[in-house]
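*Asks:* Give me coordinates for this.
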Amino acid sequence: MNRNGRDAVQSLLLFVNQPAIPMIEPKRVLRALAEHWALLEPLCEHFDQGTLSLNELRSQLAAQQLDSTPQDITSLLDVWIRLDILVPVAKSPNRFELNARIHDFLAYLRREHRLGLCLEIEAYLRHLERLAGYIQDAFDIRDGHDLARQLRLLDMRVRDVLKKLANDEQALVAVAERAKTSDRQIPLRQRYAEVLATWDEYVEPMIQLVNADGAFEQGVRKVENVLLKMLTEQQRLGHLVDDDMLLRTHARILEMQTSAQLTLRHARELLLPLREEARRHNAVTRGAALALSAIRRKGIDAVPQAAMPMFTRPQSTFLGSASQVEAYVYALARFEPKPARFPKAHKTQKGEAPRAPRTVREMLERCEDALPMPDLMTWLLEQEPDGATDELLYWFSRLSREKRFTRERLERRDYHTHEHQVSLRSFALLSAADTAAEDSASIPNAS
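*Replies:* Numbers count the residues shown, from 1 in each chain. Below you'll find the predicted structure:
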């Protein structure tokens with residue numbers, strides 16, 4: 001045991017006595033980036049695709065500096081390696097890549113935006129919830145220094161989320177622009193492959209994250225409740241931190257919530273039309289392939305005439321069968337144009353006048369009159385049997401989040417609107433005042 005303890009102490013002393021890694025002087029790095037920017041900028045595109053070997057780096061630099069000697073290129077690469085602008089790849093010392101920090105800095109200067117993952121935002125939210133717990137603990141024990149530190153950390157993390165959302169929004173714009181401006185000779189499925197992948201890997205998880213019952217809303221609500229409770233308690237118990245700090249952090253959290261919703265809306269406006277176009281194209285291509293395979297196996301007469309498109313082509317190059325020509329001439333001989341029916345001036349348009357859209361106050365009053373409500377979605381379908389699906393879903397989301405109602409989640413089932421079949425978990429609504437009165441009345445009975 002003594003020998004093990006002595007060995008541990010010796011290893012610790014050896015670690016302490018090791019020379020520290022010297023810090024790279026920032027001025028030298030910035031000066032090198034400024035002097036060699038014309039050479040580094042083209043290399044960034046190559047490093048985006050992967051690593052480069054030493055010979056590939058030499059050839060790239062030689063192509064840009066025609067009057068330089070091999071010794072000049074070697075000295076330039078040596079400077080970049082010593083300043084950690086270029087770093088060797090792990091287990092491949094002859095291959096190099098751009099330092100990740102330098103790469104991010106150059107991407108910022110070039111206004112490049114790389115789309116991240118929705119899981120990163122979810123991880124930030126989990127961290128915000130933990131910080132809210134630390135803030136509550138520090139306030140409970142009246143530790144002003146720790147409370148101020150945790151509030152600063154919370155503010156920094158919220159700014160990180162805002163920065164990531166802004167970066168993701170610009171990256172989504174770039175994805176849509178690349179899909180629209182790519183070569184038209186490339187098949188549409190390949191041109192829109194990035195759009196489809198972005199929708200599946202970012203937009204769909206983001207929709208689940210930002211919806212009314214998602215992790216984003218829950219995390220924001222938890223942090224917001226902690227800050228508002230602290231503002232109230234400080235009025236009663238005394239100030240540990242300045243109220244302006246709490247109000248500023250609370251305002252930034254609300255800005256983060258709004259920014260997430262706007263980013264998601266912008267993503268859907270940009271990518272949903274492209275995704276639907278790709279899906280329609282896939283359906284048309286699949287149908288054309290099935291029709292061509294049927295024609296190859298059984299001939300053109302095997303294809304149903306209703307499924308055949310009516311192509312127009314010059315008669316001189318069109319060769320039809322005898323039955324087709326006979327039917328064509330028969331139709332021409334007995335062609336009678338349909339008479340055009342114009343509306344008479346004295347007749348008025350029949351039908352009901354368009355109804356004005358319902359207001360929020362009107363819907364809330366009608367919903368409150370219908371309480372207790374066993375199923376909100378069924379009630380909406382009864383109120384608006386011919387309503388559009390998006391309008392019904394809007395009222396479902398708006399009424400289910402109203403604070404004057406107490407809601408209870410129901411089992412998932414299918415609802416048939418005028419246009420679609422919707423599968424969701426509806427709510428049973430009760431009056432919040434009645435629920436509170438019942439709870440207060442049950443307390444004396446329980447005692």
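
*Asks:* nearest residue to Arg404 other than its sequence neighbours?
*Replies:* Of all residues not flanking Arg404 in the chain, Ala432 sits nearest, at 5.4 Å (CB to CB, 6 or more residues apart in numbering). (C-beta placed from N, C-alpha, C; glycine too.)

*Asks:* give me the number of residues near that neighbour?
*Replies:* Neighbours of Ala432 under the rule other CB atoms under 10 Å: 15.

*Asks:* That one against Arg407, yeah?
*Replies:* No. Here Ala432 lies out of contact with Arg407, judged by CB atoms under 8 Å, at a distance of 9.5 Å.

*Asks:* ok so, going back, give the contact list for the residue nearest to Arg404.
*Replies:* Lys403, Arg404, Phe405, Thr406 (CB atoms under 8 Å, 6 or more residues apart in numbering).

*Asks:* what mean pLDDT does the host helix or strand of Val79 have?
*Replies:* Using DSSP states H and E, Val79 sits within helix 70-82. Throughout helix 70-82, pLDDT has a mean value of 83.

*Asks:* Please name every helix or strand in contact with the one helix or strand Arg297 maps to.
*Replies:* In this assignment (DSSP H and E), Arg297 forms part of helix 243-298. Helix 243-298 makes packing contacts with helix 144-181, helix 188-191, helix 193-198, helix 204-210, helix 215-237 when contacts are defined by 3 or more CB pairs under 8 Å, 6 or more residues apart in numbering; DSSP states H and E.

*Asks:* Give me the residues contacting the fourth one.
*Replies:* Taking contacts as CB under 8 Å, 6+ apart, the residues outside helix 204-210 that touch it are 118-119, 121-122, 214-217, 260-261, 263-264, 267.

*Asks:* Please convert these to a markdown table, extending it with distance to Glu201, neighbour count and pLDDT.
*Replies:* As requested, the contacts of helix 204-210 are arranged in a markdown table below (distance: CB to CB, whole Å; neighbours: other CB atoms under 10 Å; pLDDT from 0 to 100):
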| residue | distance to Glu201 | neighbour count | pLDDT |
| --- | --- | --- | --- |
| Cys118 | 8 | 20 | 75 |
| Leu119 | 10 | 12 | 80 |
| Ile121 | 13 | 25 | 84 |
| Glu122 | 13 | 18 | 84 |
| Gly214 | 17 | 17 | 80 |
| Ala215 | 17 | 16 | 82 |
| Phe216 | 17 | 24 | 85 |
| Glu217 | 22 | 18 | 85 |
| Ala260 | 17 | 23 | 87 |
| Gln261 | 20 | 14 | 87 |
| Thr263 | 15 | 22 | 86 |
| Leu264 | 14 | 22 | 85 |
| Ala267 | 12 | 24 | 84 |
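
*Asks:* Which of the residues you listed sits closest to Gly133?
*Replies:* Ala215 (15.8 Å; CB to CB).

*Asks:* on that earlier part again, may I see the helices and strands packed on helix 243-298 arranged in TSV, with distance to His420 as well?
*Replies:* Converted to TSV, these look like this (distance: least, CB to CB, whole Å):
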stretch	distance to His420
helix 144-181	26
helix 188-191	26
helix 193-198	22
helix 204-210	17
helix 215-237	25
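
*Asks:* Out of the ones you listed, which gets the lowest mean score?
*Replies:* helix 188-191 (a mean of 71).

*Asks:* pull the helix or strand with minimum mean pLDDT from this structure.
*Replies:* Least confident helix or strand, the chain: helix 2-17 with a mean of 43, by mean pLDDT, DSSP states H and E.

*Asks:* can you tell me the average pLDDT over the next helix or strand after it?
*Replies:* Later in the chain than helix 2-17, the nearest helix or strand by DSSP H and E is helix 26-35. The average pLDDT within helix 26-35 is 78.

*Asks:* Could I get the CA-only coordinates of helix 26-35 as CSV?
*Replies:* Output in CSV follows, covering the C-alpha atoms of helix 26-35 (Å, rounded to 0.1, in the frame of the first residue of the first chain):
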residue,chain,number,x,y,z
PRO,A,26,-2.9,35.7,-31.2
LYS,A,27,-1.3,38.5,-33.2
ARG,A,28,0.8,36.1,-35.1
VAL,A,29,-2.2,33.9,-36.1
LEU,A,30,-4.3,36.9,-37.1
ARG,A,31,-1.3,38.4,-39.1
ALA,A,32,-0.8,35.0,-40.9
LEU,A,33,-4.5,34.8,-41.8
ALA,A,34,-4.5,38.4,-43.1
GLU,A,35,-1.3,37.9,-45.2
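
*Asks:* for it, which positions count as buried?
*Replies:* Val29, Ala32, Leu33 (16 or more other CB atoms under 10 Å).

*Asks:* tell me which of these is nearest to Arg297?
*Replies:* Leu33 (64.7 Å).

*Asks:* ok, the closest one to Val158 distance?
*Replies:* 31 Å (CB to CB, to the nearest Å).

*Asks:* next one: Arg279
*Replies:* 37 Å.

*Asks:* Which among the helices and strands packed on helix 243-298 is found nearest to Gly299?
*Replies:* Here helix 188-191 is closest among the helices and strands packed on helix 243-298 (CB to CB), at 29.4 Å.

*Asks:* Surely Glu224 is in contact with Met256?
*Replies:* No. Counting by CB under 8 Å, Glu224 sits too far from Met256 to count as a contact (10.6 Å).

*Asks:* So which of those two has more stuff around it?
*Replies:* Per other CB under 10 Å, whichever of Glu224 and Met256 has more neighbours is Met256, with 24 against 16.

*Asks:* re earlier: what sits in contact with each of Ala432 and Arg407?
*Replies:* Common neighbours of Ala432 and Arg407 (CB under 8 Å, 6+ apart) do not exist.
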